[in-house]
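Asks: Quick one: sequence and predicted model below, then my questions.
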There are 2 protein chains.
Amino acid sequence: MNISDVAKRTGLPPKTIRYYEDIGLIRPARDTNGYRVFQDADIHKLAFLGRARTLGFSIEDCRTLMALYEDQDRNSGDVKRLAQEHLAHIDEKIAQLQSMQATLRHLVRECAGDNRPDCPILRDLAQD
Amino acid sequence: MNISDVAKRTGLPPKTIRYYEDIGLIRPARDTNGYRVFQDADIHKLAFLGRARTLGFSIEDCRTLMALYEDQDRNSGDVKRLAQEHLAHIDEKIAQLQSMQATLRHLVRECAGDNRPDCPILRDLAQD
DNA sequence: CTTGACCTTCCAGTGACTGGAACCCCTATC
DNA sequence: GATAGGGGTTCCAGTCACTGGAAGGTCAAG
């Protein structure tokens, strides 16, 4: 299979697939003309990576997760720890964003949003 | 005032303050020795920028907000629109993160996290 | 006069792609 | 056989908002 077919199958853009090869996450074979040839195993790996990325794991986490996936002697504890750390990270980000959200919602509600210059949002930013 | 004092006062690292000058957000004066000399107005601007950044506004948004702040003839509607767009962005991010959070929480709960290889997290990623 | 803490500029790296240029390959059609 | 198009390839630069580090100038204290 060529790269654009794989892109359709996995939902990953060709550029991203090439990038993943670049950084050593996959190693597709090559045809005599230099084109990448993807086997089922490559597609499986890319799907795995895509799913891990949509769950927000970093590329380095993905690398680790793939290694664990391929290691028959892994400990599920290692996977769980990674996932828990990532989850903690996400919890933190959500909290930060929610704090921004609350402040912004409040300010937006206060602001008339008309053609006059008076603006509670700017007043807040300037901390009057 | 020198840069490290300003850093303490505003909570922004010296590197960031220099960067903000680089991209034209501030224009501090210079001493004869080449050192930056910060006036109250500069510090005020930096505080404004710092606050806007903690609310998650992009640098370009900050530039626009500062311009609006300094424009006596502004319309608060322009400020409000910017804030609303940004808020929508944040809402979206939160929703994404919460979806990841829900999935990860579930998977982490399912995973034994012991020394055996069986792992629901990896099973999910591989979409068995 | 030296030490150490400032300050300066400039360059490179971060993460995870993404856009674009320049070029090769393959098939179909005129 | 020429050409058009739709693939593929590599490589370089840019994104965003800093951050680290090197190399060097400046200043106050002892």
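Replies: All right, it came through fine.
Asks: Contact distance from DNA strand C - what residues of chain A qualify?
Replies: By the rule CB under 7 Å from any atom of the strand, the part of chain A lying against DNA strand C is A:13, A:15, A:16, A:19, A:32, A:33, A:34, A:53, A:58, A:59, A:60. The way it works is simple: take the backbone N, C-alpha and C, and place the C-beta from them, glycine included.
Asks: ok but the fourth one is inside a strand, no?
Replies: No: using DSSP: H, G, I helix; E, B strand; the rest coil, the assignment for residue A:19 is helix, not a strand.
Asks: so what's residue A:29 up against?
Replies: Contact partners of residue A:29, counting by CB atoms under 8 Å, 6 or more residues apart in numbering or on different chains, are A:36, A:37, A:38, A:39.
Asks: quick one: pLDDT of the first one?
Replies: With respect to pLDDT, residue A:36 has a value of 97.
Asks: quick one: it and residue A:25, what's the gap?
Replies: Using CB to CB, to the nearest Å, residue A:36 is found at 13 Å from residue A:25.
Asks: circling back to that earlier point, among the residues of chain A next to DNA strand C, the buried ones, what's the ChimeraX command?
Replies: Buried subset of the residues of chain A next to DNA strand C, written as a ChimeraX selection, criterion 16 or more other CB atoms under 10 Å in any protein chain shown:
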select /A:16,53
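Asks: Of the residues of chain A next to DNA strand C, which pair is most distant in space?
Replies: Checked with CB to CB, the residues of chain A next to DNA strand C reach their widest spread between A:32 and A:58, with 36.1 Å between them.
Asks: and the gap between residue A:16 and chain B?
Replies: 17 Å (CB to the nearest CB, to the nearest Å).
Asks: Tell me the helices and strands packed up against whichever strand or helix holds that residue.
Replies: Element membership of residue A:16 [criterion: DSSP states H and E] is helix A:14-22. Identification of packing neighbours for helix A:14-22 by 3 or more CB pairs under 8 Å, 6 or more residues apart in numbering or on different chains; DSSP states H and E yields helix A:3-10, helix A:40-54.
Asks: Now look at stretch A:79-96 and say if it contacts chain B.
Replies: Yes: judged by CB under 8 Å from any CB of the partner chain, stretch A:79-96 and chain B are in contact via A:79, A:80, A:81, A:83, A:84, A:86, A:87, A:90, A:91, A:93, A:94.
Asks: ok, residues contacting that stretch?
Replies: A:55-57, A:61, A:64-65, A:68, B:94, B:97-98, B:100-101, B:104-105, B:107-108, B:111-113, B:119, B:121-122.
Asks: avg pLDDT for the longest helix that chain A contains?
Replies: Scanning chain A for the longest helix, with DSSP state H as the assignment, gives helix A:76-110. If you average the pLDDT over helix A:76-110, you get 97.
Asks: Show me how far that helix is from its chain's centre.
Replies: Offset of helix A:76-110 from its chain centre (CA atoms, centre = their mean, to the nearest Å): 15 Å.
Asks: Following element in sequence after that helix, please.
Replies: Toward the C-terminus, helix A:76-110 is succeeded by helix A:120-126 as the next helix or strand (DSSP H and E).
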